[in-house]
Each structure stands twice: as structure tokens, then as C-alpha cells.
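Colleague: Using only what follows, build the 3D model:
(one chain, ligands or ions: 2)
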Amino acid sequence: MTAIPSPAPPPGPFSSCAPEDVRRVACVGAGVIGGGWAAHFLARGYDVTAWDPSPDAAVRLHRLIAAAWPALEQLGLADGASQDRLTVTATLEEAVAEAQFVQESAPEKLGLKRDLLARLDAAAPAGTVIASSTSGYPMTDMQTQAADPGRLVVGHPFNPPYLIPLVEVVGGERTDPAAVEWASRFYEVAGKSVITMDREVPGFIANRLQEALWREALHMVANGEATVAEIDASITEGPGLRWAVMGPMLTFALAGGEGGMAHMLDHFGPSLKSPWTRLEAPELDRALYEAVVAGCDEAANGRSIADLVAERDRGVIDILRATGRLPRSAEEATR
Ligand SMILES: NC(=O)C1=CN([C@@H]2O[C@H](COP(=O)(O)OP(=O)(O)OC[C@H]3O[C@@H](n4cnc5c(N)ncnc54)[C@H](O)[C@@H]3O)[C@@H](O)[C@H]2O)C=CC1
Ligand SMILES: C[N+](C)(C)CC(=O)CC(=O)[O-]
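Modeller: Ligands and ions are numbered 1, 2, ... in the order given. You can find the predicted model right below:
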């Protein structure tokens, strides 16, 4: 996967080792995202320790990694990469005792994150950076109970972390900038594409954009303006195809023809004031909830979640290849 290169950070208090020398990563919380992170790190050749308080977590985790592995083989495994390098531990303390990096992926509840990050900070070796997968909490709000908040950063991934390259990295008010720098470099070394933010923005960048789309989609379902299937097709058959190649900004610059974005703004800028968007999120009442769930069941058309995950993984790999982020063939890979 491609990474936006950044210079190696200078040695600092947050480098128990250099990002390039990390061998052991701990994943705490092993659901959809923690499991996806574990799969990614294993495929990249790291030793992974994982802890999750759920009694069936180990079974779920092994199942998730096994399901992801065919896609990871297609992406190309690092030398020595193996599912056998995963250790599921009985306690959080064991999981992080020798970790050189910790990725927290527990449920999105502020109190839980605060407690957990404080526990991880108490248990992890001094100098180990601890990243949270949070989808939207600012680190400033999560680091309040930690004795050493300087090493806590947000490392926001995208589902599944083993396929979608982007990680958004940002610190909180009490995070040492060296920890942000270290984490960004580590993710790059681990094969991710990194955006390092220099300030906290609610929802980071991508979720702020995604949530705007999602909010409008829910309004349309609630008002009977579009079905779930129409909403999905409007993206997969429309702008979604362009967005995998160029972002919304350059895509719209092309809407201005030879005049580029300037003409686009002159032409369409005034329509920003037209009633295309609704500023408030809709009430997620029972009727809307059921309409969205039923619409998704209908759209799945008998395909299980496992079928859909495999289909998505195949599709994303094809897109990564088609857009040159992955070699298109074995021959191209060796060139
Ligand atoms: N699902 C998604 O698409 C994305 C989720 N995220 C973020 O990742 C984090 C995890 O979300 P998911 O994996 O979707 O949730 P999930 O519900 O699939 O998994 C959460 C896991 O955390 C475990 N857990 C519960 N209490 C815990 C504790 N005190 N300590 C450690 N683990 C605990 C649960 O047993 C469960 O296995 C959240 O912060 C979420 O916002 C980020 C990007 C995408
Ligand atoms: C649904 N979500 C807000 C948890 C999604 C993300 O945070 C990122 C993603 O995977 O789209």
C-alpha cells in the first residue's frame, strides 16, 4: 500500500525503539477493528499480542484473521508473516507487557476509553506509544486519567484496517508532538497511508465528510425520498467511482472544464445556498432504524455478512490494483 512519506522522527522520549525496529504490537479490543488491525500487523510480519474481555473474543479473532488472510496473501505478506504469531492473552497487562506499540480498539464510549487508556498507560513499558482507534473522540477528552498522557495519540483507521490504507493521526492537548510524529512514522513503516493532523478537528477529516453524506442519506430514507438500494447505487454507480481515483476537490475541479475549480466555483458556488443539505442530523427513531436495517437486508439479497466481507475485499483489491496502489501483476511487482 502507498504511504505519504515523512522524514524519520528524531529520537525522543517516545521511541522506546525506532519505528523501523518495532517487532511486537499489542491490539487491545479485538472486534471488527481490533481484529482487522491484528490481521494487518500479522500480515506485515509483526508479533501480535491481543486482549479482549469478551469470553468468545479469541474464537472471533481467529475467525476474522482467517477470513482476511486470502486478501492479505493477494496484497503480499511480509517475510515471516504468519497467523501463528498471534498470542491472545488472558489479561490486558500480559498483552502490553512487552509491546513496542499499542493499538486500542475498544467500544466507542468515552468513560470506557478514559479508563482503558489510563490502564494501558499504567501497564505498557515506558516510552511505548499508545494509539486509539476512536472514530471521533478528541484525544484531549480521552487522556484525562492517564499518568503519562504525552504518549497517547489517535490512530483512526478505516474498515477493514488490513485493506484500507488511510490512518488519521492526531494528538490531544497533553500529547507530546514527538509521540504523534513517532506514531505517524510507525504506521508508514507498517504499510499505512498516513494523514498527520496538527490540530484536533471533530470527526477528524474523513469521518466529518462521511458523516455529512450519511446524515443526508438517513434524511432521504426517513422522508421516503430514496430507498437504501438507490442511495447505495447513487454512490457505487456514480461519484464513488471517481472518489477512488481523485478526491472530491480535484473531481469537482474537473467539473469546471478548462476553467478548473475557479469556473466550477463561479458556476456552482451559488448553489451551495440552495436547499441541498440539511444541517441537523435526523432523529434515529424506530421507524428510520427499521427502514435502514430492512433496506440493507434487501440489498444484501441473501448474501451473508461473510459473503459481503469477501466481496468487498475482492473489490477493494481490484480498485487498489486498477489505480496503481498495488502492482497489477506479478511481473509488475518485480519490476
Ligand atoms: N467499526 C468501524 O467501522 C470502525 C470503528 N472504529 C473504532 O474502533 C473502535 C472499536 O470499534 P469496533 O471494532 O467497531 O467495535 P466492536 O464492537 O466490533 O469491538 C469492540 C471490542 O472491544 C471489546 N471490549 C469491550 N470492553 C472492552 C474493554 N474495556 N477493553 C478492551 N476491549 C473491550 C469487545 O469485547 C469487542 O470485542 C471504536 O473506537 C470505533 O469507533 C474506527 C474505525 C472504523
Ligand atoms: C462507522 N464509523 C464512523 C465507525 C466509520 C469510521 O470511523 C471509519 C470507516 O471505516 O469508515
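
Colleague: If you count neighbours, what's buried in stretch 247-264?
Modeller: 252-253, 256, 264 (16 or more other Cβ atoms under 10 Å). (C-beta placed from N, C-alpha, C; glycine too.)

Colleague: Need the residues that contact that stretch.
Modeller: Contacting residues not belonging to stretch 247-264 are listed as 209, 239, 242-243, 246, 265-268 [Cβ atoms under 8 Å, 6 or more residues apart in numbering].

Colleague: Adding pLDDT and neighbour count, write these out as JSON lines.
Modeller: Below are the contacts of stretch 247-264 laid out as JSON lines (pLDDT from 0 to 100; neighbours: other Cβ atoms under 10 Å):
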{"residue": "Leu209", "pLDDT": "92", "neighbour count": "14"}
{"residue": "Pro239", "pLDDT": "92", "neighbour count": "14"}
{"residue": "Arg242", "pLDDT": "88", "neighbour count": "14"}
{"residue": "Trp243", "pLDDT": "90", "neighbour count": "13"}
{"residue": "Met246", "pLDDT": "85", "neighbour count": "13"}
{"residue": "Leu265", "pLDDT": "83", "neighbour count": "15"}
{"residue": "Asp266", "pLDDT": "83", "neighbour count": "11"}
{"residue": "His267", "pLDDT": "86", "neighbour count": "13"}
{"residue": "Phe268", "pLDDT": "81", "neighbour count": "13"}
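
Colleague: where's the closest residue to Pro160 other than its chain neighbours, which helix or strand?
Modeller: Distances taken as Cβ to Cβ, 6 or more residues apart in numbering put Gly36 closest to Pro160, at 4.2 Å, once the chain neighbours are dropped. Gly36 is part of helix 32-43 when elements are defined by DSSP states H and E.

Colleague: Contacts (any at all) between ligand 1 and that helix?
Modeller: Yes: with Cβ under 6 Å from any ligand atom as the criterion, ligand 1 is reached by helix 32-43 at 32-34.

Colleague: Closest one of those to Asp84?
Modeller: Checking the residues of helix 32-43 next to ligand 1 against Asp84 with Cβ to Cβ, the nearest one is Gly34 at 18.7 Å.

Colleague: Tell me who's in contact with that closest one.
Modeller: Here Gly34 is in contact with 27-28, 50, 52, 61, 103, 105-106, 133 (Cβ under 8 Å, 6+ apart).
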